[in-house]
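Enquirer: the following block contains a protein sequence and its predicted model.
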Amino acid sequence: MQTNFTPEQLLDPGVAESEKILRKCVHCGFCTATCPTYVTLGNELDSPRGRIYLIKDMLENGRAADEQIVKHVDRCLSCLACMTTCPSGVNYMHLVDNARAHIEKTYKRPFINRLTRALLALVLPYPSRFRLAVTAARFGRPLIPLFKSAAALKPMAAMLELAPKSLAAKSSYAEAGTHKAKTAKRGRVAILTGCAQPVLAPEINEATIRLLTRLGIEVTVPKGEGCCGALVHHMGREEAALENARRNVDIWTRELENGGLDAIVITASGCGTTIKDYGYMLRLDAAYKEKAARISALAKDVTEYLTMLDLPEAAYQTGVTVAYHSACSMQHGQKITRQPKDLLKAAGFIVKEPAEGHLCCGSAGTYNIMQPEIARTLRNRKVKNIEATGASLIATGNIGCITQIASGTRLPIVHTVELLDWAYGGPQPSCVPQAKPVLNIAE
Ligand code: SF4
Ligand code: SF4
């Protein structure tokens, strides 16, 4: 694509990067076919190509964002299906991140929209605040019909609907400390605790730590580590996202230098995509760019890391049929497609792949709160495809997808690692229907 930026405009590193990305796009439109918002809304401006034109126009003319561009960029899920499809290697992720940062700097959103976004940024990244908010949401539930009646308040209704009715107690596994290897030590990793996941599903990291320590891996939960920054990053709050990134880079670098780390194990693929991008996000920060690149290289989804280990034969053949939902951040963001399914199959599960597996479930960070109608349409389509597999259980690798899909189906949904922990001698996940495990002959 031809671009017309002035040399002065290109002095801005965000604009210079965007220009490089824009020049790669050849307008072919292949990406439209796999874009969930284009497939749902049928509007070119809600396709990757349409958004690319809007972003180009805004940046080239040095314009402040307007209502039209905000509407169509806000509707983008950042699912990155377009990056998987694009034959020209257009880095849509970095382009839309730059556009969101530009919008944040130049556009004044309506009051309720600003308030909702501020509330999300103030609460979600902090586990103690999030826990309080979920508890308080119980009292707000009767207001759902009222919130639904006003367009601007629909995100509030979605927030209350998505809040779980009960919460698990705080897990000791989320506390800083070291979990020693239970068999001959063969590695040491740090695990990301994160923000929303330890509140909503502490059992995910519990299963991960149990499984890894049984496999001879020492797992450390470093003190002070927190939200990866994805949430505010996707809101265009660049500085807040970089602050999160710098804090985590410092903490993991300290662990790396003191005890050594083979990997930083991540159990939420949305966070994994962002942490793997720390090297890029901090590329202009002389004090951090090298450290951040080192941390990004160490970041591994738990299934990626488990694939690198030589796993023993599973303790049981559960024979359970599982529909594997590949989160967008897993398949498009990190290009991890084979490992989770291979691990499940090797552990004795029968794995089914739902149709239209490339399409987002509508979760996408805070998307299911901010764009509840599109999110619900996508969720229902996803659930229909999953249920058509006839599986008795759903497995996935991202807490956002777990919450979103669970809100639309009666099928139990768990993190892939919970099933692997079970198959390799851990407890059966509580929501899994009674299975009759067959002890392996070797056991
Ligand atoms: S990130 Fe997803 S929703 Fe956004 S343009 Fe690409 S395919 Fe469409
Ligand atoms: S597929 Fe790639 S090159 Fe083609 S229009 Fe989409 S982003 Fe541009």
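Expert: All right, it came through fine. Ligands and ions are numbered 1, 2, ... in the order given.
Enquirer: contacting residues for residue 385?
Expert: The neighbours of residue 385, taking Cβ atoms under 8 Å, 6 or more residues apart in numbering as the test, are 354, 355, 356, 357. The C-beta positions use only the backbone N, C-alpha and C, and glycine is treated the same way.
Enquirer: redo that, cut-off 10 Å
Expert: By Cβ atoms under 10 Å, 6 or more residues apart in numbering, residue 385 lies in contact with 323, 325, 353, 354, 355, 356, 357, 359, 361.
Enquirer: just to be sure, which of the residues you listed are found in helices?
Expert: Among the contacts of residue 385, DSSP state H puts none in helices.
Enquirer: give me the buried subset of those.
Expert: Among those, those scoring as buried are 323, 325, 354, 359, 361 (criterion: 16 or more other Cβ atoms under 10 Å).
Enquirer: show me which pair in the residues you listed is furthest apart.
Expert: Greatest spatial distance among those (Cβ to Cβ): 323 and 359, at 14.3 Å.
Enquirer: of all of the stretch 301-443 of the chain, which residue lies closest to ligand 2?
Expert: In the stretch 301-443 of the chain, the residue that lies nearest ligand 2 is residue 332 (13.2 Å; Cβ to the nearest ligand atom).
Enquirer: hang on, the earlier thing: what would the buried ones among the contacts of residue 385 look like in TSV with distance to ligand 2 and pLDDT?
Expert: Shown next, in TSV, are the buried ones among the contacts of residue 385 (distance: Cβ to the nearest ligand atom, whole Å; pLDDT from 0 to 100):
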residue	distance to ligand 2	pLDDT
323	29	98
325	25	98
354	24	98
359	16	97
361	22	98
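Enquirer: can you lay out the residues you listed as TSV showing distance to residue 342?
Expert: Listed next are those as TSV, based on distance: Cβ to Cβ, whole Å:
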residue	distance to residue 342
323	16
325	16
354	17
359	22
361	22
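Enquirer: nearest to residue 82, of these?
Expert: Taking the buried ones among the contacts of residue 385 together and measuring to residue 82 by Cβ to Cβ, the closest member is residue 359, at 12.0 Å.
Enquirer: which residues sit in contact with the nearest residue to the closest one once chain neighbours are set aside?
Expert: Nearest residue to residue 359 in three dimensions, chain neighbours excluded: residue 36, at 5.1 Å (Cβ to Cβ, 6 or more residues apart in numbering). Listed by Cβ under 10 Å, 6+ apart, the contact set of residue 36 reads 46, 75-77, 79, 81-82, 328, 356, 358-362, 364, 374-375, 377-378, 381-382.
Enquirer: ok, now residue 105?
Expert: 14, 64, 65, 236, 238.
Enquirer: out of these, which are close to ligand 2?
Expert: Among the contacts of residue 105, no residue is within reach of ligand 2 (Cβ under 6 Å from any ligand atom).
Enquirer: selecting buried members of those in ChimeraX, what would you type?
Expert: A single ChimeraX command selects the buried members of the contacts of residue 105 (16+ other Cβ under 10 Å):
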select :14,65,236,238
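Enquirer: the contacts of residue 105 in strands, which ones?
Expert: The members of the contacts of residue 105 all map outside strands under DSSP state E.
Enquirer: for the contacts of residue 105, give me TSV that also has pLDDT.
Expert: Formatted as TSV, the contacts of residue 105 follow (pLDDT from 0 to 100):
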residue	pLDDT
14	94
64	97
65	98
236	95
238	95
